[in-house]
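Trainee: One predicted model, sequence on top.
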Amino acid sequence: MKNKKELALLLSELKTFEKPKLHLEQYQTDSEIASQILWTAFLNKDIKNKVIADLGSGTGIFGLGALLLGAKKVYFIEIDKEALKLAKQNKKYLEEKLNKKFNVTFINKDIKHFSKKVDTVIQNPPFGVKKAHKDKYFLLKSMSIAKTIYSVHKTTSKNFIARLTKENNYKVTQITKLRLPLRKLFSFHKKKTYFVEIGLWRITENFKNKK
């Protein structure tokens, strides 16, 4: 992959949610935002030749993007079998388009059942709007399996994430502010497209405090 623009273009060709589920907060990550998140991780040397876990992988945009940037292997963990089916179709599409094979494992289970150690977690977890503390659930799981984490949250979660990471001997090393465009998906949405102020957190194990 030569640059972020080329990555965004390929990601824009992937299939998205056909019937998003509100209780799972299934909002498709915009390809431009996804490419920015992935490119940030790539520049930090957290993707190439690394084993990645995409927790709550949805249609696979993060995990597939990581593979395009040279990840050694990606685990796609997704509780919704319909979303995982789309991720598999997207993988097949990219493999055929690029004439290459990706090293992947698709797991149709709740993230609590995944315990393999990986180098990096990349995730866009539920913000906890429909089910309280779901974002905390994802952060705790990611800190149990990886030393480096890229996680997307609302900017209002800054203090909560700082406290949670410190309690678990991790630290926030980078926060990148982003504006996530969300198109109208559900009946309660009034605007065709609206924007949510979010942040990309880079979280790493705090080796200095490790006993």
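Mentor: Looks like it arrived, so ask away.
Trainee: what sits against the spatially most central residue of the chain?
Mentor: Central residue of the chain (C-alpha atoms, centre = their mean): Gln123, 2.4 Å from the mean position. Gln123 is in contact with Asp54, Leu55, Gly56, Phe62, Phe138, Ser142, Ile149, Tyr150, Ser151, Val152, counting by C-beta atoms under 8 Å, 6 or more residues apart in numbering. C-beta coordinates here come from the backbone N, C-alpha and C atoms, glycine included.
Trainee: Which residue comes closest to the second one once chain neighbours are left out?
Mentor: Okay, so that is Leu55. Gln123 (4.4 Å; C-beta to C-beta, 6 or more residues apart in numbering).
Trainee: Quick check: phi and psi at the residue nearest to Asn168 when sequence neighbours are not counted.
Mentor: Closest residue to Asn168 apart from its sequence neighbours, by C-beta to C-beta, 6+ apart: Met143 at 5.0 Å. The phi/psi pair for Met143 (degrees, to the nearest 10) reads phi -70, psi -20.
Trainee: Then Glu167?
Mentor: Main-chain torsions, Glu167, degrees, to the nearest 10: phi -60, psi -20.
Trainee: give me the number of residues near it?
Mentor: 10 (other C-beta atoms under 10 Å).
Trainee: pLDDT below threshold where in this structure?
Mentor: Residues of the chain meeting the criterion pLDDT under 70: 17-28, 127-133, 181-194, 208-211.
Trainee: pretty sure Gln116 belongs to a strand, no?
Mentor: Slight slip there: residue 116 is Lys, not Gln. No - Lys116 is assigned coil when assessed by DSSP: H, G, I helix; E, B strand; the rest coil, not a strand.
Trainee: List the contacts of Ala8.
Mentor: Ser31, Glu32, Ala34, Ser35.
Trainee: which one of these sits closest to Ser115?
Mentor: Ala34 (26.1 Å; C-beta to C-beta).
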